[in-house]
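[1] turn this into a model:
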Amino acid sequence: MRLNGEISHREGEGEGEEEAENEVGSSQKVVVGYALTSKKKKSFLQPKFLSFARNKGIFFVAIDLNKPLLEQGPFDVVLHKLSGKEWREVIEEYSEKHPEVTILDPPDAIQHLHNRQSMLQDVADLNLSDCYVAKPLVVDGTAKSHELFLAYDEFSLSELEPPLVLQEFVNHGGLLFKIYIVGETIKVVRRFSLPNISEHELSKVDGLFRFPRVSCAAASADEAYLDPTIAEHPPRSLLERLAGELRRRLGLHLFNIDMIREYGTKNVFYVIDINYFPGYGKMPDYEHVFTDFLLSLVQNKFKKKPDT
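    Numbering: from 1, shown residues only. Now for the predicted structure:
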């Protein structure tokens, strides 16, 4: 989905940690029950993060999947990234019985991102643009759901197995921007991506070319020397509007947006993917960002309580 952005900057990102701690109260204990895959647990609940959170009064407690969730807790927040109808029903029942607990995030909202067509339709509906790479339609965490092919002509499409999503391949200087969203916080990380393809190369190749899983395997490009016209971050004003609208439409707090800039342009961008609960462990300063976010959830919950 093509986007056009104007440049704007906002200072003070990351501030408010001390303020959030003071307003919640240093003695306030926040209990986060988590249900994560072993891979997500290892990447997200790193020792440094757990220690930092503990010093802020935030404690992570594993949810026992062999026991009824309603018999566990009490929790202030339930953080999860599991799939399946049975788990969705468990979370929905728990949410009905414990409306005071913040669920990150609602299963129905997460399910919306498992389908790339419905996912990208939300971006199209924003009308931020004047709006064929093939990807599988369903995003379920399996290797097949991350397969990526470049079709050099329309006849090559017959070799692909539906369902899938078609996206036009756009040269983008071999660089991808991963836009991490944690509540209202936005962090941008540069990653190496697919190289440009010239007209000469296109003329020499027929059929399909299979790419590796780009977003996972790509190395960070934040420390690399890059052409400033390629490496410059997308305008802050564009990111704030895009993230804010998607938060509202998707009903999610935790997601990331994969974005590219069309090679040779300054303000022409494309959203190529949206992912729920991405690899935050690769996001700079994620320990501070996430603890601030969790404290703000508790702070806002206290503010909404009626006076007694």
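
[2] in the chain, which helix or strand is least confident?
    When the helices and strands of the chain are compared on mean pLDDT, DSSP states H and E, helix 17-24 comes out lowest with a mean of 40.

[3] give the pairing partners of the following helix or strand past that one; include direction for each.
    Downstream of helix 17-24, the next assigned helix or strand under DSSP states H and E is strand 30-36. Within its sheet, strand 30-36 is paired with strand 58-62 (parallel), strand 77-81 (parallel), according to DSSP bridges.

[4] pLDDT on strand 30-36, on average?
    Mean pLDDT, computed over strand 30-36, is 97.

[5] give me the phi and psi for Gly264.
    Main-chain dihedrals, Gly264, degrees, to the nearest 10: phi 90, psi 0.

[6] could I get the contacting residues of it?
    Counting by C-beta atoms under 8 Å, 6 or more residues apart in numbering, Gly264 touches Asn171. Just so you know, the C-beta spots here come from the backbone N, C-alpha and C atoms, and that holds for glycine as well.

[7] and Val268, how many residues sit next to it?
    18 (other C-beta atoms under 10 Å).

[8] specify the beta-bridge partners of it.
    Beta-bridge partners of Val268, as defined by DSSP bridges: Asn4.

[9] state the distance from it to Ile181.
    22 Å (C-beta to C-beta, to the nearest Å).

[10] circling back: nearest to Glu240, out of the strands paired with strand 30-36?
    Closest approach to Glu240 among the strands paired with strand 30-36 is made by strand 77-81 (24.7 Å; C-beta to C-beta).

[11] average model confidence for that closest one?
    Computed over strand 77-81, the average pLDDT equals 97.

[12] now what about that strand, what contacts it?
    Taking C-beta under 8 Å, 6+ apart as the rule, strand 77-81 contacts 30-37, 40, 60, 63, 87, 91, 94, 101-104, 276-277, 294, 297-298.

[13] repeat the analysis, applying 7 Å as the threshold.
    Strand 77-81 has contacts (C-beta atoms under 7 Å, 6 or more residues apart in numbering) with 30, 32-37, 40, 91, 101-104, 277, 294, 297.

[14] buried ones among those residues?
    30, 32-36, 40, 91, 101-104, 277, 294, 297 (16 or more other C-beta atoms under 10 Å).

[15] let me know the closest of those to Leu176.
    Using C-beta to C-beta, the buried ones among the contacts of strand 77-81 come closest to Leu176 at Phe277, 18.8 Å.

[16] distance of the closest one relative to Glu199?
    With C-beta to C-beta as the criterion, Phe277 and Glu199 are 40 Å apart.

[17] which residues of this structure fall in strands?
    2-4, 30-36, 58-62, 77-81, 102-104, 133-136, 148-151, 164-167, 175-182, 185-192, 208-211, 254-261, 268-276 (DSSP state E).

[18] ok, which of those strands comes nearest Met119?
    Comparing the strands of the chain by C-beta to C-beta, strand 268-276 comes nearest, at 5.1 Å.

[19] show me what the closest one is packed up against.
    The contact analysis (3 or more C-beta pairs under 7 Å, 6 or more residues apart in numbering; DSSP states H and E) places strand 268-276 against strand 2-4, helix 116-125, strand 254-261.

[20] how far does the first one sit from the chain's center?
    Averaged C-alpha coordinates place strand 2-4 at 19 Å from its chain's average position (C-alpha atoms, centre = their mean, to the nearest Å).

[21] mind listing what's buried along it?
    2-3.

[22] again, but for the second one
    Buried residues in helix 116-125, counted by 16+ other C-beta under 10 Å: 116, 119-120, 122-123.

[23] likewise stretch 59-68?
    60, 63.

[24] what does that stretch contact?
    With C-beta under 7 Å, 6+ apart as the criterion, stretch 59-68 contacts 29, 31-35, 45, 50, 53, 69, 72.
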